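Colleague: any chance you can model this:
(one chain, ligands or ions: 1)
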Amino acid sequence: MNASTSLNTKLSINFFLNEFTISQEAERHGYKNESNEKHTENLRLLCVNVLQPLREIINMPIFINSGFRCFDVNVAVGGRFNSQHLEGKAADFVVHSMNLADVFNIVLQKLSFDQLIYEFGKWIHVSWNGELNRKDVMISKKVHGKTVYEKLKGELRPFDFAQGKI
Ligand SMILES: [Zn+2]
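Modeller: Coordinates of the predicted model:
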């Protein structure tokens, strides 16, 4: 399979591999950002188990901001050294036609996942790790310029964004 064919690999009904590998940061630096077979399989599982079911519940297009990141791209975007993006297990996405907080609460209530993070009110990070799923739910914020993760605990109820409580 050549590179252009593999980039068009269909991962699920509405998701293609190139949505998860195209990166402005990679283009800017000239990095290839190509997933290997294992990464691609992880991305497929993320689609089949989380993103595709979400796509069907909301019936709206989901835009992937960042999916797979090779080592160099992860460094360039300031990702954590152990980011699940490096393994193709995580994606950052937005849904332009819906309130992002509502989308977050749908994932929280209706789907299984490893980590679900509402990132600065701007995008949603979600990961899938199969049997090792932790079902961690977090909200990230900037406090005095530093990123702070607030972990939400207890029974998984919709997050009340007005109250800041779960
Ligand atoms: Zn992310």
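Colleague: now do the phi/psi pair for Ile106.
Modeller: phi -70, psi -40 (degrees, to the nearest 10).
Colleague: got it, and the one 4 residues further on?
Modeller: Comment: the main-chain dihedrals of Lys110 come out as phi -110, psi -10, following degrees, to the nearest 10.
Colleague: list the contacts for it?
Modeller: Contacts for Lys110 (Cβ atoms under 8 Å, 6 or more residues apart in numbering) come out as 53, 57. Using the backbone N, CA and C atoms, a C-beta is placed for each residue, glycine as well.
Colleague: start at 6 instead
Modeller: I'll keep to 6 as the first residue from here, and by that count the last item is Lys115.
Colleague: number of nearby residues for Leu113?
Modeller: Using other Cβ atoms under 10 Å, Leu113 has 19 neighbouring residues.
Colleague: hang on, it packs against Val142?
Modeller: Yes - using Cβ atoms under 8 Å, Leu113 makes contact with Val142 at a distance of 6.2 Å.
Colleague: who's the residue of the chain found nearest the ion bridged to?
Modeller: Residue nearest to the ion within the chain (Cβ to the ion): His130, separated by 3.5 Å. Under the criterion DSSP bridges, His130 forms beta bridges with Asp97, Ile122.
Colleague: understood, closing this out.
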